[in-house]
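Show me the folded form of this:
(one chain, ligands or ions: 1)
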Amino acid sequence: MGRVRNSIIRSGIPSVDYSVNPYLGCGFGCRFCYAIFMSRFAGRKPEEWGSFAYPKEGFIETLERELVRNGSRYRGKRILIGTVMDPYQPIESRYGLTRETLKVFRKYNPGAHLEILTRSSLVLRDADLLRELNVRVGMSLSIIRREHFREVEPKSPPVEVRMETLSKLKEKGIRVYGFVAPVFPDAPDILEEVLGELKRRGIDAPLFELLSPGRNPALRNIPAYSRWVRLVRTPGIFDRFQMIIRRYFPHSRIIRHSWR
Ligand code: SF4
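Residues are numbered from 1 along each chain as shown. You can find the predicted model right below:
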């Protein structure tokens, strides 16, 4: 891995213009993670995903240079921090590249339309900076039965902690939302619980994503995998989940993947 050439790159994600990822790899290692393909850029095997994370060399200097030279290019554009890694994964406590990234935006492009997507309460550390930026913080909220949680998300903070983090950020005047994903097919009751909790706390959930098992082969090693596949193929299951979601958040978008 040499020095980075671009710290801010065009994004292929719908409704996101640019993505910013200060680390290569993600220490949370979720078994459903679609970013597993990033392993090859670190010279690692896909099955090693979750066991490595590196700060990108020259990341901050490159970002700074780009915003100084081409700042107008990003005006009004939606920039998502955290498309192939979590910006507040454990390594951030040591290197602080996400915090430095926010400082660079504050200095050279304070009006940029930033979004942060994380699973970690470490984001609270940066509340001071976030208040000064045009930013929305999204927290990924997985809908998984409790008995499977650590099989599927071995190292990320519990969903209850993420929910609390959203409330604390909101209290500090920071715009927040829940990204409810992935939704496992055997957890409609957990979905109801989480959506009820979001409503109670006055937090929006504009986007849902149902589980896509094909993206990460690590999911297949979990004993419940074949049951999940069977359930997702059950006729009418999508309608059932959609009905629950619509009851709480009628205007949200639901991303659904084919399991065939
Ligand atoms: S936190 Fe996000 S990027 Fe990191 S492993 Fe989990 S899903 Fe992937």
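
residues contacting residue 82?
20, 21, 116, 117, 118 (Cβ atoms under 8 Å, 6 or more residues apart in numbering). Using the backbone N, CA and C atoms, a C-beta is placed for each residue, glycine as well.

And residue 44, by the same measure?
25, 51, 52.

Separate out the buried members of the residues you listed.
Buried by 16 or more other Cβ atoms under 10 Å: 25, 52, out of those.

which one of the contacts of residue 44 is nearest residue 245?
Checking the contacts of residue 44 against residue 245 with Cβ to Cβ, the nearest one is residue 25 at 31.9 Å.

give me phi/psi at the residue found closest to the closest one once you drop the neighbours it is linked to in the chain?
Leaving aside its chain neighbours, residue 25 sits nearest to residue 53 (3.9 Å; criterion: Cβ to Cβ, 6 or more residues apart in numbering). Dihedral pair for residue 53: phi -160, psi 130, per degrees, to the nearest 10.

neighbours of residue 53, just the number please.
20 (other Cβ atoms under 10 Å).

Now stretch 240-255 - C-alpha only, PDB.
Presented in PDB, the C-alpha positions along stretch 240-255 are these (Å, rounded to 0.1, in the frame of the first residue of the first chain):
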ATOM      1  CA  ARG A 240     -44.900  -8.800   5.700                       C
ATOM      2  CA  PHE A 241     -41.700  -6.700   6.500                       C
ATOM      3  CA  GLN A 242     -42.800  -3.900   4.300                       C
ATOM      4  CA  MET A 243     -46.100  -3.700   6.200                       C
ATOM      5  CA  ILE A 244     -44.300  -3.400   9.500                       C
ATOM      6  CA  ILE A 245     -42.000  -0.700   8.100                       C
ATOM      7  CA  ARG A 246     -44.700   1.300   6.500                       C
ATOM      8  CA  ARG A 247     -46.700   1.400   9.700                       C
ATOM      9  CA  TYR A 248     -43.900   3.200  11.500                       C
ATOM     10  CA  PHE A 249     -42.200   5.000   8.600                       C
ATOM     11  CA  PRO A 250     -44.500   5.300   5.600                       C
ATOM     12  CA  HIS A 251     -42.200   7.200   3.400                       C
ATOM     13  CA  SER A 252     -38.900   5.300   3.900                       C
ATOM     14  CA  ARG A 253     -37.100   3.500   1.100                       C
ATOM     15  CA  ILE A 254     -36.600  -0.200   1.400                       C
ATOM     16  CA  ILE A 255     -33.700  -1.900  -0.400                       C
END
